[in-house]
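Engineer: A structural model of the following input is requested.
(2 chains)
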Amino acid sequence: MSDDAGDRVREAVDAVYQSESRRVLATLIRLLGDFDLAEEALHDGFAAAMEQWPRAGVPAKPRAWLVSAGRFKAIDAMRRRARFDASLAEIAQRLESTTDPVNWDGDGIEDDRLRLVFVCCHPALPENAQVAMTLREVCGLTTEEIARAFLTTPPTVAQRIVRAKSKIRDAGIPFQVPERGELAERLDAVLRVIYLVFTEGYAASSGEALTRHDLSAEAIRLGRLLVELLPEPEAEGLLALMLLHESRRAARATPAGELVLLDDQDRSLWNRDLIAEGVARAERALASRRFGPYALQAAIAAVHAEAPTAAATDWAQIAGLYDVLMRADPSPVVELNRAAAVAMRDGPAAGLVLIDAILGRGDLAEYPLAHSARADLCRRLGRTADARASYQRALALTRQEPQRRFLERRLRDLG
Amino acid sequence: MKYLCLIYSDESQWPKLPQSESEKMLVEYREFGEGIKASGHHVAGFRLHPTSMATTVRIRNGKLSTTDGPFAETTEQLGGFYLVEAKDLNEAIQIGSRIPGARVGSIEVRPVWEVPATLPASR
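Structural biologist: Here you go, the predicted structure:
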């Protein structure tokens, strides 16, 4: 075979790897019942493809071919190891007796991906392990990439993944989509992981970079996958929320990396396509009447997105949506945001009363945004000394470099 | 797989429960126990006396040491347990969530150490 033909096959294998490897992995995990075996089988399956496709051509159903080849290699490997571990012989036997998936048409493969999402986001795993497992197994990120994104070391990430896999195996976490009765709680865990990945990418909780675009893009991809596999209103709501946040990415920082508040953003920089999709999805989620906190937050983001100028923002509607959100999912942070909306609707004095009530209870005392929001209202009321004290408090608490510079600017402007 | 469902709650609250409440709880426990026997999940299950009845035993340097009270002082104490047979953790969590004590205390669900099993296949 000529080198050209060899290159073409290699390109074909690469393309199939890009588009299919996560799907093939998910099915292999179900068939083999073990993450590590499945990963090895995936690798072996692709190695076999590199070897055989140049001679035999790319098969008509490459995905099924890879599952079949991977499964065959895994059974083979188990047979060889069975000399040292009798239990493997039994598993190999059981596997071999199940039908070879080579002729199967790919139906049900999407269920395997959904199963994989639910296993990785199982609430019996620690949250940071859920995140690492999802990025590793569902998205195919390397441990190095995950470590870089979360400002930790590859061995730490690797250890989280190893422990999670042991718990999945030893505690008997099943490779299963939860039943209807458990779905709401389990879906919450999945949505939380996806949103955590997004926010980590959108506003790094510490360090120099204000945005780590790749993680946000990964989260949006995950959100799309989930909506496609499981079109629940809250999944759609979360996707809408992420799209609407993402639409403002170009406007939320200056080229020098300085933070720009929503009111001061150049709205011509907002991505209209993302807004249109986000608004449509938010409306669909709300229309379902089974919406929850994500759809409500998306609706709030949509009201902002649809305002032609900051001054034209419909604050009454936003405050009203926060009222509903406070009933659906009460938290001090939601209460703080509601206070800010009330301040815009009824004036800074009304908002300040609400923020002082939150801080007076001791909630959010360590949350820099609560103090900077208070400072802002004091500034607008001309209470300069109070404003300065609250900006300084916020400054002492923030870990985020752009936020720190923003607060310093505000302090300087107070004079 | 076998799972041990450990029932924890603040035992100092038990005596404060009105009699009607504790009787209701007993009825619920009986119904729960009968339910998991009928469904084949039940292996064993017992209520324990409070931790004031506990004795902790250790051997150190070959010498027996016996002390009054539980192994560890905690805000919630082990008050009973069920050993159940379940096909996977999800089913064990389901069973654990139906233990009446889940509503007042917490149920710790622990897999019993067996020959390392593989991940259960989907149904």
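
Engineer: Report how many residues lie close to residue B:45.
Structural biologist: Here the number of neighbours of residue B:45 (other C-beta atoms under 10 Å in any protein chain shown) works out to 18. (C-beta placed from N, C-alpha, C; glycine too.)

Engineer: Let me see the backbone angles for it.
Structural biologist: The phi/psi pair for residue B:45 (degrees, to the nearest 10) reads phi -170, psi 130.

Engineer: Let me know the pLDDT of the spatially closest residue to it that is not a sequence neighbour.
Structural biologist: Leaving out its chain neighbours, the residue that sits closest to residue B:45 by C-beta to C-beta, 6 or more residues apart in numbering or on different chains is residue B:82, at 3.9 Å. pLDDT recorded at residue B:82 is 98.

Engineer: ok, now residue A:209?
Structural biologist: 52.

Engineer: swap in residue A:2?
Structural biologist: Listed pLDDT for residue A:2 reads 58.

Engineer: So which residues of chain B form strands?
Structural biologist: In chain B, the strands defined using DSSP state E lie at B:2-9, B:42-47, B:55-60, B:63-68, B:77-85, B:106-111.

Engineer: So what's the residue count around residue 97?
Structural biologist: I'll assume chain A. 7.

Engineer: think we crossed wires, I meant chain B
Structural biologist: Neighbourhood size, residue B:97 [other C-beta under 10 Å]: 13.

Engineer: likewise residue A:273?
Structural biologist: Using other C-beta under 10 Å, the number of residues around residue A:273 comes to 9.

Engineer: And it, how close does it get to residue A:238?
Structural biologist: Distance of residue A:273 to residue A:238, given as C-beta to C-beta, to the nearest Å: 19 Å.

Engineer: now do residue A:61
Structural biologist: Using C-beta to C-beta, residue A:61 is found at 33 Å from residue A:238.

Engineer: Between these two, which has more neighbouring residues?
Structural biologist: For residue A:61 and residue A:238, the more surrounded residue by other C-beta under 10 Å is residue A:238, and the numbers stand at 32 against 15.

Engineer: The more buried one sits in which helix or strand?
Structural biologist: Residue A:238 is located in helix A:233-246, with elements delineated by DSSP states H and E.

Engineer: Which elements pack onto that helix?
Structural biologist: If contacts are counted by 3 or more C-beta pairs under 8 Å, 6 or more residues apart in numbering or on different chains; DSSP states H and E, helix A:233-246 sits against helix A:180-202, helix A:213-229, helix A:272-287, helix A:293-306.

Engineer: Report the angle between that helix and helix A:180-202.
Structural biologist: Calculated by axes from the mean of the first three to the mean of the last three C-alpha atoms, to 10 degrees, helix A:233-246 forms an angle of 10 degrees with helix A:180-202.

Engineer: Per-residue pLDDT of residue A:257, please?
Structural biologist: Looking at residue A:257, its pLDDT reads 76.

Engineer: Now do the SS call for it.
Structural biologist: Three-state assignment for residue A:257 (DSSP: H, G, I helix; E, B strand; the rest coil): coil.

Engineer: and the residue of chain B most remote from its centre, what pLDDT?
Structural biologist: In chain B, the greatest distance from the average C-alpha position (C-alpha atoms, centre = their mean) is reached by residue B:61, at 32.4 Å. Here the pLDDT value assigned to residue B:61 is 93.
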